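> Turn this into a structure:
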Amino acid sequence: QVQLVDSGGGLVQAGGSLRLSCAASGRTFSSYAMGWFRQAPGKEREFVAAITWSGGNTYYAASVKGRFTISRDKAKKTLYLQMNSLKPEDTAVYYCAASQGGNYFYYASYDHWGQGTQVTVSS
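Next comes the predicted model:
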């Protein structure tokens, strides 16, 4: 079992940066692929980024590629999302999630979820 706690959200102006963190508990953290999803009001939850269990491969949504960076620290059992050049359309609740396999771009492939952290980007 893995328990996830998201943090790091807040209010930032367009063009600014934020770093989200996701602290995991549980001995099997290292064996999970990890991802970030986001959900804006009135919209479906959408894929943002994912990283394999080894950290060797990363995947990004086209809308964030080149601006966001996903990383993980296995020793600290923590997942990160560095978000740069933020835009108002990045405003959403961001969720980290853990997957034991499957299509990393699809939310149903993830078994465990954080509680979410609000990111608001003002214009």
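> Next one: the most centrally placed residue in the chain relative to residue 7, how far apart?
Averaging the C-alpha coordinates of the chain gives a centre point, and the residue nearest to it by C-alpha atoms, centre = their mean is residue 36 (2.3 Å). Counting by C-beta to C-beta, to the nearest Å, the gap from residue 36 to residue 7 is 13 Å. C-beta: built from backbone N, CA, C; applies to glycine.
> Would you mind measuring from the residue nearest to the centre of the chain to residue 27?
Taken as C-beta to C-beta, the spacing of residue 36 relative to residue 27 amounts to 23 Å.
> Tell me which residues touch the closest residue to residue 5 other than its chain neighbours, please.
Excluding the flanking residues, the one nearest residue 5 by C-beta to C-beta, 6 or more residues apart in numbering is residue 23, at 4.8 Å. With C-beta atoms under 8 Å, 6 or more residues apart in numbering as the criterion, the residues that contact residue 23 are 4, 5, 7, 77, 78.
> could those residues go into a markdown table alongside secondary structure, distance to residue 115 and pLDDT?
Formatted as a markdown table, these follow (DSSP: H, G, I helix; E, B strand; the rest coil; distance: C-beta to C-beta, whole Å; pLDDT from 0 to 100):
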| residue | secondary structure | distance to residue 115 | pLDDT |
| --- | --- | --- | --- |
| 4 | strand | 8 | 95 |
| 5 | strand | 7 | 96 |
| 7 | strand | 10 | 96 |
| 77 | coil | 17 | 91 |
| 78 | strand | 16 | 94 |
